[in-house]
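A.B. asks: requesting a structural model of the entry that follows:
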Amino acid sequence: MLGVVAYIGAFLFSYEQWVAPRYAGWGLSYRDVPAGYIQISWVLCLISALWMPRDLTRPSQLLFFIQYFVIFIPTSFILYHAGRPELPPDEVLIIVLALFSGLTVLQASYKLPLLVIRRDGLSHRAFWRIFWCVAAGLVIYLLTVFGSHFQLASFKGIYGVRKVADELMTASGSSFSGYAQTWLSGFILPFLFSVGVFRRRWDFVVIAAAGYFYLLGVGGSKTTMLAMVYLSAIYLLVRSGGKNAGVKIAICFAGLLLFPAVLTLTGSAGGTIDTWYVAIIHSRIFNIPALSIGQYYSFFENHPLTYGSHISGINQFVIYPYDMDIPRTVGKYFYHAELTANVNMWAQDGIASFGLVGIPIVSTIAAVVFWLIDSIASRHDSRFVTVALGNIALSFANISLFTTIISGGLFLLIVALYFYRKE
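C.D. replies: Sure thing, here's the model as predicted:
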């Protein structure tokens, strides 16, 4: 409880101190709100903390912690202050209560007994032959599409790398290179890293680092830039069994949010804060996903719902009502530019499909996915599976649940865990 209180306090302080003054134009502004609404958000956040898992004993709890700390808590406060859209406090309260219901569904899933899945798996040699063939095939395909294109750029210049990558992918006539990149970054490389650190196969760790370095140069993804950092952090979190993981995450996130104060005290503030730290840590990770939930709510209050037609397969039966995909449609509506407003499942799958009632619906689907992951992982070392989920956990906070499953590599990881045997 004290860890959660410290995190919420750090989040609110950092938002008013560093985010609102710099990103008000994006909608991350600060406006006065009756104290009662903020108090309700405090109460709801702390109620969830009362029965939140303290230890990380199931791999899917990593996804739950991300949902709680990165999505639920920031959204419970941000939307009251946001200026794009500027929602009445009564409407924000309804949104927060809907999110609380979705979070409660996720928490309740941990009361279910795990499914007993019987499987012998592939032989050790057969599994790794298939694994390396898939990995090599994806890399070879990327080499045929991107050729000699490889460029390391600064934080600002990384968008130029992405532009060239998009042009080369378009010229190839196929979007499969996008899948190849996300499957490598979301499944292949984290799996290698996890096997490497737990079995002391340091060659696997080197291959994972080299793979992320290559993906950074060809695709310019910020997640690949920091991949080895957060995979290592997750390893440190769970290597001793995941004890008190919830507290450690809360304190770690609070420290990240308050770090600009350290820079200020040491005289290192100024350009460093403005150019990358607040932009990546505060704005992109902790604030924009929360703001986007309010934007999706506002947009779909006045525009047709998708009823799941944005999901491949369902769109064969339900007509999709927009010319562009949902993130670009919402991004263009609020910012009048070709901006992609990717956001978590609560908005992109729940609100977009059915409005606020979609939040507990998609949370139920996610709870089933959590249960399946934990059931299949039950015959493995949970620490190993948790680290292998590392990149997927990051994408889980920013994109559709169904995109996470297919494009993000979650389905491939589940299949691999089903067939994998340590020896």
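A.B. asks: and Ile288, how far is that from Ala171?
C.D. replies: Distance, Ile288 to Ala171, by Cβ to Cβ, to the nearest Å: 31 Å. Using the backbone N, CA and C atoms, a C-beta is placed for each residue, glycine as well.
A.B. asks: buried residues, the host helix or strand of Pro190. List them.
C.D. replies: Here Pro190 sits within helix 189-199, counting by DSSP states H and E. Judged by neighbour count using 16 or more other Cβ atoms under 10 Å, the buried positions of helix 189-199 are Leu189, Pro190, Phe191, Leu192, Phe193, Ser194, Val195, Gly196, Val197, Phe198.
A.B. asks: just stretch 257-265 next, same as before
C.D. replies: Across stretch 257-265, burial judged by 16+ other Cβ under 10 Å covers Leu257, Leu258, Phe259, Pro260.
A.B. asks: among those, which ones are in helices?
C.D. replies: If you go by DSSP state H, the buried residues of stretch 257-265 have Leu257, Leu258, Phe259, Pro260 in helices.
A.B. asks: what sits against Leu99?
C.D. replies: By Cβ atoms under 8 Å, 6 or more residues apart in numbering, the contact set of Leu99 is Ile71, Phe72, Thr75, Ser76, Ile293, Trp346, Ile359.
A.B. asks: how many other residues sit next to the third one?
C.D. replies: Look at Thr75: counted by other Cβ atoms under 10 Å, it has 26 neighbours.
A.B. asks: for it, what are its contacts?
C.D. replies: Listed by Cβ under 8 Å, 6+ apart, the contact set of Thr75 reads Ile95, Val96, Leu99, Pro289, Ala290, Ile293, Gly294.
A.B. asks: closest one to Gly246 out of these, please.
C.D. replies: Nearest to Gly246 out of the contacts of Thr75 is Leu99 (Cβ to Cβ; 18.5 Å).
A.B. asks: now the buried residues of helix 189-199 in a markdown table, with distance to Val229?
C.D. replies: Shown next, in a markdown table, are the buried residues of helix 189-199 (distance: Cβ to Cβ, whole Å):
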| residue | distance to Val229 |
| --- | --- |
| Leu189 | 13 |
| Pro190 | 13 |
| Phe191 | 18 |
| Leu192 | 16 |
| Phe193 | 12 |
| Ser194 | 15 |
| Val195 | 19 |
| Gly196 | 16 |
| Val197 | 14 |
| Phe198 | 18 |
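A.B. asks: quick check: Leu394 touching Tyr230?
C.D. replies: Yes: judged on Cβ atoms under 8 Å, Leu394 makes contact with Tyr230 at a distance of 6.6 Å.
A.B. asks: who's more crowded, these two?
C.D. replies: Higher neighbour count among Leu394 and Tyr230: Leu394, with 25 against 15, using other Cβ under 10 Å.
A.B. asks: three-state assignment of that one?
C.D. replies: Under the three-state scheme (DSSP: H, G, I helix; E, B strand; the rest coil), Leu394 adopts helix.
A.B. asks: the nearest residue to it once chain neighbours are set aside: what's it in contact with?
C.D. replies: Distances taken as Cβ to Cβ, 6 or more residues apart in numbering place Thr223 nearest to Leu394, at 5.7 Å, with adjacent residues excluded. By Cβ under 8 Å, 6+ apart, Thr223 lies in contact with Ser185, Asn391, Leu394, Ser395.
A.B. asks: I'd say Ile38 and Ser76 touch.
C.D. replies: No: judged on Cβ under 8 Å, Ile38 makes no contact with Ser76 at a distance of 9.0 Å.
A.B. asks: who has more neighbours out of those two?
C.D. replies: Of the pair Ile38 and Ser76, Ser76 is the one with more neighbours under other Cβ under 10 Å, namely 29 against 16.
A.B. asks: that one: helix or strand, and which one exactly?
C.D. replies: For Ser76, the host element (DSSP H and E) is helix 73-81.
A.B. asks: quick one: mean pLDDT for that helix?
C.D. replies: Per-residue pLDDT over helix 73-81 has a mean of 97.
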